[in-house]
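A.B. asks: next input, structure requested:
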Amino acid sequence: MNLGHVVTRSASYWPDAPAAKDLRRCLSFSDLEAEANRLCTGLMSLGYPKGSHIAIQAPNCTELVACEVAFYKGAMVKVPINARLSAEETVHVVNDSHAVVLIASARHAAALAEHRDRMPRLQKIVVIDGEGGDLPYAALLDKGWADWASLNPPDDALAVLHYTSGSSGVLKAAMQSYGNRRALLRKNLIRLGGISRVGAKMGHVGPITHASGMSLLPMLYVGGCNYLFARFDVEEILSTIERERITRIFFVPTMVTRILDSGLLDKFDLSSLTDVSYGAAPMPPSVVERAMEVFGPILTNGYGAGETTSTITVLTPEDHSAALQGDRTLLTSCGRSYFDCEILLLKDDGSEAGLGELGEICVRGPDVMQGYWNAPDLTAEVLKDGVYHTGDIGRRDENGYVFIVDRKKEMIISGGFNVYPSEVERAIYRHPEVFEAAVVGVPDDEWGEAVKAVVVRRKDADLSESALLEFCRDALPGFKRPRSIDFVEELPRNPNGKIMRKKVRDPYWADAGRNV
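C.D. replies: Numbers count the residues shown, from 1 in each chain. Predicted structure coming up:
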């Protein structure tokens, strides 16, 4: 079944039930069905058939939900672009993905205006709100029609180019097929536990152009509503949970910490919540326990990646409760694999690690990506005989629980976003008084990891921490900037003269009780 037909069916079952809602409007299932059909056929009428690469970039809004469904209906390739990327990074994604259309907010369209001649394949920019671009979103809808029989692409047809970063910090795209996305749907339906959840509401706080968007279709399948938050604001989130009777929500650990420390929890009724999921970064057990005191025994933790089409392990609410009643170390686990996804822990020689032994976390199953777009060498590094090698090091206990111990990669996960030392270092090196720099992640209760720069000044320089932080403010987006800077006389090097980031990083983690 075409994934777009999910909404067609739901519209026949529950036509008036809310399917997608934000502060501006609410789309019923019949509304969403009509808008997605008009969007799909509108693109086709402009000469963009099945297989066309269509990019989207905007803060969370109902139009992005319609895009998701429309692209499935037309067997097109979705290219989601994080709304927080810079214009330079967006240009790279548009060019690399071969996108021919970009559907964007007015703000993002305006930011790209001066770069238009650098994107030769991009033929049209469609603006969701306001002015600019080549075509308003409403005008595109007017070119289509409300009745449309969804196309039915095969499992191996490309569905999504999900951009993520590698150890080099260069954005690259995991190729998710229609088969991968169907596997994602099946897996999420197992978690939702049924075929009808009319009245359920999923709150999307994180960008649905990123991991949060993986939950859109499963909610639509069971008749639930996707509520879109355009930004993270604690009071707005808590008041919306109360007003809209949100039942499910996903947070990265940084968000959980800010909510717990807000002093606002007693002002709102959160009793509608039945599932609070967290992931994308480690969360200290002490914070998990505090969250359970506030929300109750409804926490779920997950671990996954764009390369695995989202979640591959789950630590269930029952697991959380059992941990509090017994061994609290279970709260440091990312859970167990579920449904048709298999987790392998492999040693460097390719053999499987035994119970309690360390190995690289590897994944096999129908949700593993096809490879990286236009990057065969990178694909060969991580995808071997259909098995995806995550680069994370873990162990497994006798009950199948997986514990992430460390990373082979030097990536920093701060507030749920990937930060790569090399790109931060490149920005720091632009300062004329910097001689050498090493960027590492250090423990942080709010962010999971905070970005720290360890810097050697040039001789006779008097560069201060505040001055260099201010310099980074202009050179990097907020989530990539160092939060602190230490100055040292020299950085450790290996025999070949290369700076050893691990030796820079280790002292900061000595008393943390964890390495990631």
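
A.B. asks: three-state assignment of the residue of the chain positioned farthest from its centre?
C.D. replies: Distance from the centre of the chain peaks at residue 460, with 43.4 Å (C-alpha atoms, centre = their mean). Using DSSP: H, G, I helix; E, B strand; the rest coil, the structure places residue 460 in coil.

A.B. asks: just residue 343 next, same as before
C.D. replies: Relying on three-state DSSP, one would call residue 343 strand.

A.B. asks: any idea how far the nearest residue to it once chain neighbours are set aside is from residue 361?
C.D. replies: Distances taken as C-beta to C-beta, 6 or more residues apart in numbering place residue 337 nearest to residue 343, at 4.3 Å, with adjacent residues excluded. Every C-beta, even on glycine, is put in place using the N, C-alpha and C of the backbone. Residue 337 sits 10 Å away from residue 361, going by C-beta to C-beta, to the nearest Å.

A.B. asks: and the two? Which one has more around it.
C.D. replies: More crowded of residue 337 and residue 361, by other C-beta atoms under 10 Å: residue 361, with 28 against 21.

A.B. asks: quickly list what that one is bridged to.
C.D. replies: residue 345 (DSSP bridges).

A.B. asks: quick one: contacts for it?
C.D. replies: 343, 344, 345, 390, 392, 393, 394, 402, 404 (C-beta atoms under 8 Å, 6 or more residues apart in numbering).

A.B. asks: and the pLDDT at it?
C.D. replies: Looking at residue 361, its pLDDT stands at 96.

A.B. asks: picking up where we left off before, identify the contacts common to residue 337 and residue 361.
C.D. replies: With C-beta under 8 Å, 6+ apart, residue 337 and residue 361 have common neighbours 343, 402.

A.B. asks: relative to residue 139, which of the contacts of residue 361 is nearest.
C.D. replies: residue 390 (43.6 Å; C-beta to C-beta).

A.B. asks: what helix or strand does the closest one sit in?
C.D. replies: Using DSSP states H and E, residue 390 falls within strand 387-396.

A.B. asks: ok, now residue 450?
C.D. replies: Counting by DSSP H and E, residue 450 is found in strand 448-457.

A.B. asks: what's the mean pLDDT across the helix or strand following that strand?
C.D. replies: Next along the chain after strand 448-457, taking DSSP H and E as the criterion, comes helix 465-475. With pLDDT averaged residue by residue, helix 465-475 scores 91.

A.B. asks: what strands line up against the helix or strand just after helix 465-475, and which way round?
C.D. replies: Under the assignment DSSP H and E, the closest C-terminal helix or strand after helix 465-475 is strand 484-487. Paired with strand 484-487 in the same sheet, following DSSP bridges, are strand 448-457 (parallel).

A.B. asks: and the partner strand, which residues are buried?
C.D. replies: Neighbour counts using 16 or more other C-beta atoms under 10 Å place 448, 449, 450, 451, 452, 453, 454, 455, 456, 457 of strand 448-457 among the buried residues.

A.B. asks: do stretch 277-290 as well
C.D. replies: For stretch 277-290, by 16+ other C-beta under 10 Å, it's 277, 278, 279, 280, 281, 282, 283, 284, 285, 287, 288.

A.B. asks: pLDDT wise, what is the first one at?
C.D. replies: Here, the pLDDT recorded for residue 277 equals 95.

A.B. asks: so it is in contact with residue 301, correct?
C.D. replies: Yes - with contacts counted by C-beta atoms under 8 Å, residue 277 reaches residue 301, the gap being 7.3 Å.

A.B. asks: how is the nearest residue to residue 253 once chain neighbours are set aside assigned, secondary-structure-wise?
C.D. replies: Nearest non-adjacent residue to residue 253, counting by C-beta to C-beta, 6+ apart: residue 283, 3.7 Å away. Secondary structure for residue 283, judged by three-state DSSP, is coil.

A.B. asks: now do residue 283 against residue 307, distance only.
C.D. replies: Taking C-beta to C-beta, one finds residue 283 at 22 Å from residue 307.

A.B. asks: where are the low-confidence patches of the stretch 101-250 of the chain?
C.D. replies: Residue ranges of the stretch 101-250 of the chain with pLDDT under 70: 165-170, 194-195.

A.B. asks: quick one: the strands in it?
C.D. replies: Counting by DSSP state E, counting those that start in this stretch, one finds strands in the stretch 101-250 of the chain at the ranges 101-104, 124-127, 135-136, 158-165, 171-177, 201-204, 225-228, 248-251.

A.B. asks: of those strands, which is nearest residue 327?
C.D. replies: Judging the strands of the stretch 101-250 of the chain by C-beta to C-beta, what sits closest to residue 327 is strand 248-251, at 24.6 Å.
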